[in-house]
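Q: Sequence first, predicted coordinates after that:
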Amino acid sequence: MSTPRTTIIDGNEAAVWVAYLTNEVIAIYPITPSSTMGELADQWSSEGRTNHWGSVPNITEMQSEGGASGVIHGALQAGSLATTFTSSQGLLLMIPNMYKIAGELTPTVFHVAARTVATHALSIFCDHSDVMAARTTGFGILASGSVQEVMDMALISQAATLEGRIPLIHMFDGFRTSHELNRIVMLESETVEAMIPRSLVQAHRDRSLSPEHPVIRGTSQNPDVFFQAREQVNSYYQRMPEVVQKAMNHFAQLTGRKYRLFDYIGNSDANRIVILMGSGAETVDVTIDQMNAAGEKVGAVKVRLFRPFDSKALFDVLPRSVKQIAVLDRTKEPGAEGEPLYKDIVTALAQNQSNHEFDQQINVVGGRYGLSSKEFTPGMVKSIFDELAKPEPKNDFTVGIYDDVSHKSLDYDRNYRVSVVKGSMSAVFYGLGSDGTVSANKNTIKIIGEETDNYVQGYFEYDSKKAGAVTISHLRFGPDPIRSAHLVETGEAALVACHQPQFLLRYDMLAQAAEGAIFLLNSPAPAEEVWESLPRLYQQAILDKQIELYLIDAYAVARKTGMGARINTIMQACFFAVTGILETNKAIEVIKVAVEKSYGRKGRKLVKRNHKAIDESLHQLHKIDIPESVTSTQEQPPAVSKNAPPFVQEVTGEIIAGRGNEIPVSLFPADGTFPLGTAAYEKRNLALAIPVWDTDLCTHCGKCPLVCPHTAIRSKIFNQSLLVDAPRSFKSVAVKGKDFPQGTMISYQVAPEDCTGCGLCVEVCPIRSKEEPDKKALNMLTQAPLLEDEKESWSFFTTIPESDRSLIKTSTIKGAMLLEPLFEFSGACVGCGETPYIKLATQLFGDRMIIANATGCSSIYGGNLPTTPWTTNDQGRGPAWSNSLFEDNAEFGLGFRLSIDHHALVARQKLSSFKEPLGEEFCDALINADQADESGIWEQRQRVDLLKQTLKKIGTPESGELADLADYLVHRSVWIIGGDGWAYDIGFGGLDHVMASGKNVNILVLDTEVYSNTGGQTSKATPRGAVAKFSAGGKPSGKKDLAMMAMSYENVYVAQIASGAKDVQTVRAFLEAESYAGVSLIIAYSPCIAHGVDLKNALRQQELAVKSGHWPLFRFDPRRSERGENPLTLDSKEPSIAYRDFIDTEARFSFLGRTRPEIAEEHLNKSQSQVIARYRHYQQLSELQVEED
Amino acid sequence: MDISTQYLGLDLKNPLVPSASPMMKSLDSVRKLEDAGAAAIIMHSLFEEEISHEHEEVMLLMEQQELSHGEGSHFIPTYEDYANGLDAYLEQIQRLKSTLEIPVIASLNGISLDGWIDNGRKLEEAGADALELNVFFIATDSNQSGAEVEDRYTSLLRELRENVSIPICMKLSSHFSSIPHLVKQLEINGAAGVSLFNCFYQPDISTDTLQVIPTPPSSSETNMLLRMRWIAILYSQVGLSLGVTGGVKNGNDALKFLLAGADVVQLCTILFEKGPEYLAQILTELKVKMEQLGFDSISELKGSISHNAVKDRQAFERAQYFRHLTVRGR
């Protein structure tokens, strides 16, 4: 046999590599962490790559996973080999079809990157709750625990399903396996050919529906026969384990890699055994090697085929010596007597008692581990075996957390480590999601894997922020295959690299450093001063662990070599230089080759600059002499202010500080309820430059707070008497305009530690100095020298009372921006196009909002721990927010409305029986209150307060019941918020139904024209010709006109807005929508990083979108029809620039021109005529004479 | 009738050469030009600045590709087969060379010495028959003399001459204090020809936005007579090829330039307005006019009304109309 071909890929690519090769129809839909499989399939298909039989598979994106499974069902019935990829909620949406597919004995494999199903909270991370939820569908379940296994099992499952006819879920752990880079042996074409005999493919086709030999399948059956017919499948399920094992055996013959349905590892006389499936088994594997070497007798069973469960195969591998078994489930089934795998094992043992398989009584306990990718380490594995050694091991235990409530958790040794194989090393790199650290490390792994005989592993951790996301890369290299499926642990890393100096004050990075490790630091501090610049913690660790310190000023090198802010190749070169994994010159050469490979076609200049940067970085790399003692007194500041509430300090602050793993169970709410306003405590200090206000130039137009994506610049008016307490640096000026009394001051203040430095406020500022035309009323200046003064000013600004809402003219930008925003400092991207709309809504209606938020970007920057941007006003009122699912958001929000309306109705009904004590006039005022504006709301709140006081005095049970409902007499503004993926695709059915309901809900669609949150996949909102994931060849069809569909109901208020193009129209649309007592739909154009634009140009992009006709602005108000007027008002002019002038500025379009110019031109021409035709159509509609009745 | 001519050492079947316009990007249009009788073509300029700008854009895109978070490692699918402006230009030269029988002159506009040389070499390697340097430099420094400015031109030419072996033509602007001296220097330094004159966008000020806005060249910039004068003056003083570009609308215009001493007449706007086929019409007009005037060949008429050839040399020297009158009055 020739030397096997190895490559470095992650689990997703390994799975789709086989799936693509062995299928003809692939239906896709994005969901983390499985999206990459669909993306690669789409890209390969657009490149014309063929499958094993020489045809290019058809890749079709559907509107939801439910849709994808339906397509697969159909494709299979029509005789194709078909597959799909999914995770979590996506798999749950496929369940109905999975019952059908399995019930009809249809061979297929669904590749599942296992992910937590949302319960008290959503989590994108791994556990097996999704797969376990699908275990009753009749699909078999085959599990992989490593990247190599993913590739192998993908083929084995495809072969087995074709032979055994039972469809299979091929599952592997999300992120841990789906995103782990590892060096694996590739399958050869001959192996695929041998494993998938054409006769089985033909047999599948022969069973397909065809008018040439028609049958009917999918009948309805009655009580008389359904049961018997259902039992007819039994023989297939009985045979399936054998079929899978046969495929495994065949595979072993072809490749040498052997698998069994249950693989036993460890001591053949083991008395203590754990049983589990997935990547955790790999960590168990390395741990038991060490334990057995230390003289213990332990073992483990890796479950491969979980369904159909074959207990005989299990007993075949279980050593007869076993006395204690711990079954580990990576899922939780509340209320059950145990989790699924545990119960199966218990059942298997019980059912086989009569067979006398074992002489001794076997004690089986069950435990949970690794929910939502909770780390599962050798220390935890050891603690399970230790528990099994006790006379009465704990059942229903948990491991990896501290449960101080139900006391189910096992204690574990945090310092237990498996010994490092000679010649191997671990390394961690702290960087930002924007500085290229991750891509550089991926590149490093490829280089080491390809240029040396080393095995490699890379895993990348992200925090939940989009702007300034922190990434930690965990790399391992070594002479043996790397099986540890856990992060680099405390004291393990031979190298710790810090790519951002500000992390020194935030993280204890050297905790991960081993004795004698290398610390590679990117810092602008000069070599002779760097020691002094380190916090005490770092100096101590360097001395204690005898760490070698290397310094590079990577940003200086980047600037010098024309690399801008790109430090990735610089840090990469330094990594090779300090570790000596490759001889330095060789390393430099291969990095340069890698750069050429990445950028060669795209730009020689880029290559040159990178090469220069690589060379220069070696000149600027310094090894620092370490003094003998600690000299620093600088301590890491607490993550949140000491004045923060206890919950924020004990929970939020600990999560921010990276110590969330240590928080005990008792500190968490049981139902996922969290307090608001916590983002204000997380001072992230991301901005290098912040806006500075020029009080002389400013005309107080209010545009800057409107466009700020992070609510970091605010305006307030106040009486000048308040200024007596103002700090010296605080700026204010007498407000311009007649609407305010004499002596009223205005201030525009930046929150310097919350600003992300996007510069949009300066961009939008319309005022220029006459003397210095480059100077505006707001100008970006370097943050550092301003920070202390601005912090003080901001702190004073927050103490200024909010304005009286009833006195402010909210229909003007200036007025609306004086209202307190109740959405602030979110984790959204720098320059995000969505958040300004949300913030505006909270300014206008925040104290009475209840929000249903579809899963997506807005639910992540709006609701991902540690902090929440939703906040309250000084009366404690604010938006009440919840996220149900992705697909059901409109329905979820309608539920809010129905519930509120019901309570309000009951309250009004009850009021009528209190007319006597309360007075008829007062009751009528409460019932008929006009709450259309701020003063109406304020007056009603006064009445409700009075009502409650009076009812309290009455003190009867009936008055108590009314008092409980009294708050419902104040208008509640129901908002249904989500992105285009939700509104145009997965949630459209529900959205449509809610639009037809006529109920008083406000729907805000933040239209980024892609699924932004999952990485930019095509939705039906994606314009023609745009390159997006799932449309790698450019989207062939035009954007769906959601507004037109909504208008067809005639009683839905519809507005299409773009605040960067016409802000007054935006405010007007929000006010009109909210005041309309039926369904309102606002479709808001939201520039996004997925457009391939620098978001500092977000406003320009909106203007171009409107001017080119891509995004016409209009409002459709059914109230106008009632007044006999045309309901449609067109708010933008006829396209005044060529469509080309818009799309040339966005890489999502221009990229196609660079790769497929002819197709791009064709799309452009179509889009150009389409935007003009659409505008004319809207124009005609808006000009129609309304006929009088 | 022999209407052949020589330009930059290339034998051309006639003196009509379409010059840089977007038409050169379309193979179909270029074929039509050849069919209509074009003697050679001068491609649109490869702008180093544009290539650099493109690089910056790609850099930005690459940076954005690295904006990653937990759910998205990048946002726009990227391809290996990404074509940049330089590659597209080089491929176009190759395509033109394999399609056309007439010479292809590449045009280059650089901003850095490295850029001029690197790109010049690439254009040669791609098969260009000659290289036209579309040079412009706006002297804005009051400490910089005219001689220094001219030296930039000559030294650039020298550097390129050393690195490129195909003929080089310099396309100049009219803003020099002594055009004949400069052209002579260029000849000494290895230029095979000059082309008069290039015209540029000019800055204008918008009173709406108070911003400076680039504005296309005005009609005076494409003034034919300006060019005619300098061709006539240069004809007898220098040995290199003389091309003229700007303002030619018909065969009569073309003939005037040839009489003044041009070796070729470049056509741009008229073809853009009337289509590539119109070149045949101009060629016919030229031939008809030559016949009417009794010329049998281009060589016979070339330079026959140049500065040195006419009796009243001052006709090409006069700058003021009143002086003209005064002279006649004597």
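A: Everything's here; your move.

Q: Please, where are all the helices along the stretch 1-150 of chain B?
A: According to DSSP state H, counting those that start in this stretch, the stretch 1-150 of chain B carries its helices in the segments B:27-36, B:48-65, B:85-99, B:113-126, B:146-163.

Q: ok, now the stretch 101-250 of chain A?
A: Taking DSSP H, counting those that start in this stretch to define them, one finds helices in the stretch 101-250 of chain A at A:129-133, A:147-164, A:189-195, A:198-206, A:226-231, A:234-255.

Q: Out of these, indicate the one that is most buried.
A: Most buried of those, by mean neighbour count (mean count of other CB atoms under 10 Å in any protein chain shown): helix A:147-164, with a mean of 27. Backbone N, C-alpha and C define where each C-beta goes, glycine included.

Q: quick one: which of the helices of the stretch 1-150 of chain B is nearest chain A?
A: Closest approach to chain A among these (CB to the nearest CB): helix B:48-65, 4.3 Å.

Q: which ones are touching the residue lying closest to A:L254 once chain neighbours are set aside?
A: Leaving aside its chain neighbours, A:L254 sits nearest to A:T191 (4.8 Å; criterion: CB to CB, 6 or more residues apart in numbering or on different chains). Counting by CB atoms under 8 Å, 6 or more residues apart in numbering or on different chains, A:T191 makes contact with A:155, A:251, A:254-255.

Q: Closest one of the residues you listed to B:L210?
A: Checking the contacts of A:T191 against B:L210 by CB to CB gives A:L155 as the nearest, at 67.3 Å.

Q: Against chain B, how distant is that closest one?
A: From A:L155 across to chain B, the span is 26 Å (CB to the nearest CB, to the nearest Å).

Q: mind giving me JSON lines with the helices of the stretch 101-250 of chain A and columns for mean pLDDT?
A: Shown next, in JSON lines, are the helices of the stretch 101-250 of chain A (pLDDT from 0 to 100):
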{"stretch": "helix A:129-133", "mean pLDDT": "98"}
{"stretch": "helix A:147-164", "mean pLDDT": "98"}
{"stretch": "helix A:189-195", "mean pLDDT": "96"}
{"stretch": "helix A:198-206", "mean pLDDT": "97"}
{"stretch": "helix A:226-231", "mean pLDDT": "97"}
{"stretch": "helix A:234-255", "mean pLDDT": "98"}
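
Q: now, which of the contacts of A:T191 sits nearest chain B?
A: Each of the contacts of A:T191 was checked against chain B using CB to the nearest CB; the closest is A:L155, at 25.6 Å.

Q: quick one, what contacts the residue of the stretch 751-900 of chain A found nearest chain B?
A: Nearest to chain B, among the residues of the stretch 751-900 of chain A, is A:P773, at 5.7 Å (CB to the nearest CB). A:P773 sits next to B:L210 when contact means CB under 8 Å, 6+ apart.

Q: which stretches of the chain have low pLDDT?
A: All of this refers to chain A. Applying pLDDT under 70 to chain A picks out residues A:1-2, A:601-602, A:1188-1189.

Q: nope, chain B
A: Scanning chain B for pLDDT under 70 picks out the ranges B:79-82, B:209, B:218-222, B:319-330.

Q: can you count the residues close to the residue in the stretch 1-150 of chain B that chain A sits nearest to?
A: Here the stretch 1-150 of chain B gets closest to chain A at one residue, B:G72, 2.6 Å apart by CB to the nearest CB. Neighbourhood size, B:G72 [other CB atoms under 10 Å in any protein chain shown]: 26.

Q: Could you tell me whether A:N1000 really is in a helix?
A: No - looking at A:N1000 with DSSP: H, G, I helix; E, B strand; the rest coil, it is coil, so not inside a helix.

Q: Contact partners for it?
A: If you count contacts by CB under 8 Å, 6+ apart, A:N1000 has them with A:897, A:901, A:974, A:1076-1079.

Q: Could you save those as CSV and add columns showing distance to chain B, secondary structure and neighbour count?
A: Formatted as CSV, the contacts of A:N1000 follow (distance: CB to the nearest CB, whole Å; DSSP: H, G, I helix; E, B strand; the rest coil; neighbours: other CB atoms under 10 Å in any protein chain shown):
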residue, distance to chain B, secondary structure, neighbour count
A:R897, 31, helix, 21
A:D901, 36, helix, 15
A:V974, 28, strand, 24
A:Y1076, 35, coil, 17
A:A1077, 38, coil, 12
A:G1078, 35, coil, 16
A:V1079, 31, coil, 28
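
Q: quick check, nearest of these to A:E1103?
A: When those are compared against A:E1103 (criterion: CB to CB), the nearest one is A:Y1076, at 27.6 Å.

Q: how much space is there between the closest residue to that closest one other than its chain neighbours and A:K382?
A: Using CB to CB, 6+ apart and skipping residues adjacent in sequence, the residue nearest A:Y1076 is A:Y1053, 4.2 Å away. Using CB to CB, to the nearest Å, A:Y1053 is found at 62 Å from A:K382.

Q: hmm, back to that, as a markdown table, the helices of the stretch 1-150 of chain B with distance to chain A and mean neighbour count would be great.
A: As requested, the helices of the stretch 1-150 of chain B are exported to a markdown table (distance: least, CB to the nearest CB, whole Å; neighbours: other CB atoms under 10 Å in any protein chain shown):
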| stretch | distance to chain A | mean neighbour count |
| --- | --- | --- |
| helix B:27-36 | 13 | 18 |
| helix B:48-65 | 4 | 18 |
| helix B:85-99 | 7 | 17 |
| helix B:113-126 | 8 | 19 |
| helix B:146-163 | 17 | 16 |
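
Q: Figure out which of the ones you listed is closest to A:M1044.
A: Minimum separation from A:M1044 across the helices of the stretch 1-150 of chain B (CB to CB) falls at helix B:48-65, 32.3 Å.

Q: between the closest one and helix B:113-126, what angle do the directions make?
A: 100 degrees (axes from the mean of the first three to the mean of the last three CA atoms, to 10 degrees).

Q: Could you list every helix and strand in contact with helix B:48-65?
A: With contacts defined as 3 or more CB pairs under 8 Å, 6 or more residues apart in numbering or on different chains; DSSP states H and E, the packing partners of helix B:48-65 are helix A:604-620, helix A:1147-1155, helix B:85-99, strand B:104-109, helix B:113-126.

Q: if we can go back for a sec, let's have the contacts of A:T191 in TSV, adding distance to A:S1167.
A: Shown next, in TSV, are the contacts of A:T191 (distance: CB to CB, whole Å):
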residue	distance to A:S1167
A:L155	43
A:F251	49
A:L254	50
A:T255	50
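
Q: Ramachandran coordinates for A:S1031?
A: Here is the backbone geometry of A:S1031 (degrees, to the nearest 10): phi -140, psi 60.

Q: Kindly state the beta-bridge partners for it.
A: A:A1028 (DSSP bridges).

Q: Please name the residues that touch it.
A: By CB under 8 Å, 6+ apart, the contact list for A:S1031 reads A:42, A:61, A:1018, A:1022.

Q: how about the residue in chain B sticking out farthest from the centre, what does it touch?
A: In terms of distance from the mean C-alpha position of chain B, B:G70 ranks first, at 52.9 Å (CA atoms, centre = their mean). For B:G70, the contact set (CB under 8 Å, 6+ apart) comprises A:32, A:124, A:462-464, A:469.
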